[in-house]
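Chemist: The following comprises the amino acid sequence and a computationally predicted model.
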Amino acid sequence: MKTGHPQLDGQGNLKHFLTIEGLSRALLVEILDRSEGFLGVTLQAVKKVPLCRGKVVANLFFETSTRTRTTFELAAKRLSADVLNLNISTSATAKGETLLDTLRNLEAMQVDMFVVRHPSSGAAHFIAAHAAPHVSVINAGDGRYSHPTQGMLDMLTIRRHKGDFANLRVAIVGDILHSRVARSQIAALNILGAAEVRVIGPRTLIPAFAEEALGVRVFHDLREGIRDVDVIIMLRLQRERMTNALLPSEHEYFQLYGLTAERLGVAHPEAIVMHPGPINRGVEIESQVADGPRSVILEQVTNGIAIRMAVMSMCIGTQNIAMQADGKTDGETNG
Amino acid sequence: MINSEIWKDSAEIDGIIGRMADELRSLVAERAIEAPLMIGIHTGGVWVADRLHEVLELAEPLGHLDISFYRDDFTRIGMHPQVRPSYLPTGIDDRHLILVDDVLQSGRTIRAALNVLFDYGRPASVILVTLSERDGRELPIEPNVVGLHAKLEPGEQIKLSGPHPLVLLRGQSTKTSAVKAGKASFAAPARCVKVEARR
């Protein structure tokens, strides 16, 4: 049923997952709650559940990515779905086929879900708008716009360490200007009610009017910015930004914005350190911190699988849902 | 829950659980089972299992299962958002299990629970215990120990409220609102229910 909302079906359930903006706090909490359940699946001898058995998930990666593609693939397989991995840059579209022709062919192969990564902002919305009604689309990162599952896996990691968001001070450090990850994190933190979100970076890598547009506090001094914060999220510095003269050098960036053990001392004593990966050691963060006791970077990877399982199951669960109640949900129905 | 009636109050349920514990103790002795591992199915099954576990003074901690990820009707009715991770205190390979649920009707919950268990390991045996059973079996699953049997009119439901106190309620099922709310509820006043104790 069309509701006008690009991501929800007629009953307000998640049909596509394109961006965090515009979603309710309740829906974000539901994603986090479901993910907690999926974390337990890894403790089983058989690390699979049958929720999406018979469904087909196609990973459409117009941009190379090992980690994100792998975690989406693993999430789909742990839900018992069949997975197609398509590296579009070396396949049909490179031979001249249009994107819509590629989509139509995949739909004809009875694909139920597209996981899309694309260098252009808005690509996932475009595909969702043109996909067949039974197909769900998940944005795995588009341009500078959004990377919603990364944003949510960061929220899951934060919640598992800090509990409630209400009193949290979170600092995001690095290339805010080009970062779809930062946009999704900021949106999620604001919706979930974080007390304060700070962005820290050189003037060339902070969007103009960030305070008004993003609802954050802007700092250009790392020590000042991370003082007393509960969570520090370091962003990956893309090396091409150096060649575009947005930064003088990696060395200078590390001197000013690299997270060291000594600098970490001004944050809250129990502050956690996060990074979406892959890490540039000695550029954004020194190894002593990346591998230290405050680092939760590898937990983020584990949580990423659970978040993607939650989002995929929620989207697929709305594809042919019927309004009927039977079965066991709350200790009160008969099964 | 709306307009439901108490079918069995907490005192009656305490008595039923006491008789179930006696029957279960005899069955375990008859099968020469040592150190059984008790596992309740979320949510009502855990409440019943908790009482049985206490009465029987079992040594191993109580386990619990959430079967949401194993439902066979997930794409029809969706999934409850509050999925609690399953917890098993030890490995279950070659262990004798006592699986506890509150209400047995179609048998699909137990089918799902058995699938969950077998994804954790291969138990030596499983004894099924339910507080109550009612008509409507869709799968060939029967409990080894059962507290009550209810013969209900079409559309009627029974459900366990708890954990303190444990009360069995009966009422008319309102199916349409239940999906959205993620749970079933009762609306119209309940009709007469024929109830008979198993023992």
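Modeler: Right, received. Where do you want to start? None of the values given here were measured: they were computed from a predicted structure.
Chemist: use CA for all of it now, contacts and neighbours both
Modeler: Will do.
Chemist: can you give me the helices for chain B?
Modeler: Using DSSP state H, the helices of chain B run over B:10-30, B:44-56, B:74-77, B:108-120, B:175-181.
Chemist: Kindly present these as TSV, with separate columns for mean pLDDT.
Modeler: Below are the helices of chain B laid out as TSV (pLDDT from 0 to 100):
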stretch	mean pLDDT
helix B:10-30	97
helix B:44-56	97
helix B:74-77	68
helix B:108-120	95
helix B:175-181	40
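Chemist: Distance to chain A and mean neighbour count for these - can I get that in JSON lines?
Modeler: Formatted as JSON lines, the helices of chain B follow (distance: least, C-alpha to the nearest C-alpha, whole Å; neighbours: other C-alpha atoms under 10 Å in any protein chain shown):
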{"stretch": "helix B:10-30", "distance to chain A": "15", "mean neighbour count": "16"}
{"stretch": "helix B:44-56", "distance to chain A": "4", "mean neighbour count": "21"}
{"stretch": "helix B:74-77", "distance to chain A": "4", "mean neighbour count": "21"}
{"stretch": "helix B:108-120", "distance to chain A": "5", "mean neighbour count": "20"}
{"stretch": "helix B:175-181", "distance to chain A": "5", "mean neighbour count": "17"}
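Chemist: how about the spatially most central residue of chain B, what does it touch?
Modeler: Centroid check for chain B by C-alpha atoms, centre = their mean gives residue B:101 as the closest residue, at 1.5 Å. Shown in contact with residue B:101 (C-alpha atoms under 8 Å, 6 or more residues apart in numbering or on different chains): B:40, B:41, B:42, B:44, B:45, B:46, B:48, B:49, B:129, B:130, B:131.
Chemist: who's in contact with the spatially closest residue to it that is not a sequence neighbour?
Modeler: Among residues not flanking residue B:101 along the chain, residue B:45 sits closest, at 3.7 Å (C-alpha to C-alpha, 6 or more residues apart in numbering or on different chains). Contacts here follow C-alpha under 8 Å, 6+ apart; on that basis residue B:45 touches A:331, B:100, B:101, B:102, B:130.
Chemist: In strands, which of these appear?
Modeler: B:100, B:101, B:102, B:130 (DSSP state E).
Chemist: Which residues does the second one form beta bridges with?
Modeler: Here residue B:101 shows beta-bridge partners residue B:130, assigned using DSSP bridges.
Chemist: next SSE after the helix-or-strand element of chain A with minimal mean pLDDT?
Modeler: Scoring the helices and strands of chain A by mean pLDDT, DSSP states H and E places helix A:240-243 at the bottom, with a mean of 64. Later in the chain than helix A:240-243, the nearest helix or strand by DSSP states H and E is helix A:250-257.
Chemist: which element follows that next one toward the C-terminus?
Modeler: helix A:261-264.
Chemist: Please identify the buried residues of that following helix?
Modeler: A:261, A:264 (16 or more other C-alpha atoms under 10 Å in any protein chain shown).
Chemist: which residues touch it?
Modeler: So helix A:261-264 is in contact with A:223, A:226, A:286, A:288, A:289, going by C-alpha under 8 Å, 6+ apart.
Chemist: shaky segments in chain B?
Modeler: B:1-3, B:75-82, B:174-199 (pLDDT under 70).
Chemist: er, the stretch 101-250 of chain A actually
Modeler: A:240-245.
Chemist: let's go with 90 and repeat that
Modeler: For the stretch 101-250 of chain A, the stretches flagged by pLDDT under 90 are A:101-103, A:105-106, A:109, A:237-250.
Chemist: What ranges does it have for its helices?
Modeler: Here the stretch 101-250 of chain A has its helices, by DSSP state H, counting those that start in this stretch, at A:123-130, A:148-162, A:180-192, A:210-214, A:222-226, A:240-243, A:250-257.
Chemist: Chain B: which of those is closest?
Modeler: helix A:148-162 (14.2 Å; C-alpha to the nearest C-alpha).
Chemist: which strands and helices sit next to the closest one?
Modeler: Contacts defined by 3 or more C-alpha pairs under 8 Å, 6 or more residues apart in numbering or on different chains; DSSP states H and E place helix A:148-162 against helix A:25-39, strand A:136-142, helix A:180-192, helix A:297-317.
Chemist: Save those as TSV, and put in mean neighbour count and distance to residue A:232 too.
Modeler: As requested, the helices and strands packed on helix A:148-162 are arranged in TSV below (neighbours: other C-alpha atoms under 10 Å in any protein chain shown; distance: least, C-alpha to C-alpha, whole Å):
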stretch	mean neighbour count	distance to residue A:232
helix A:25-39	20	20
strand A:136-142	27	22
helix A:180-192	23	12
helix A:297-317	24	11
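Chemist: could I get the ones you listed as TSV with distance to residue B:14?
Modeler: Output for these, formatted as TSV (distance: least, C-alpha to C-alpha, whole Å):
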stretch	distance to residue B:14
helix A:25-39	32
strand A:136-142	49
helix A:180-192	43
helix A:297-317	39
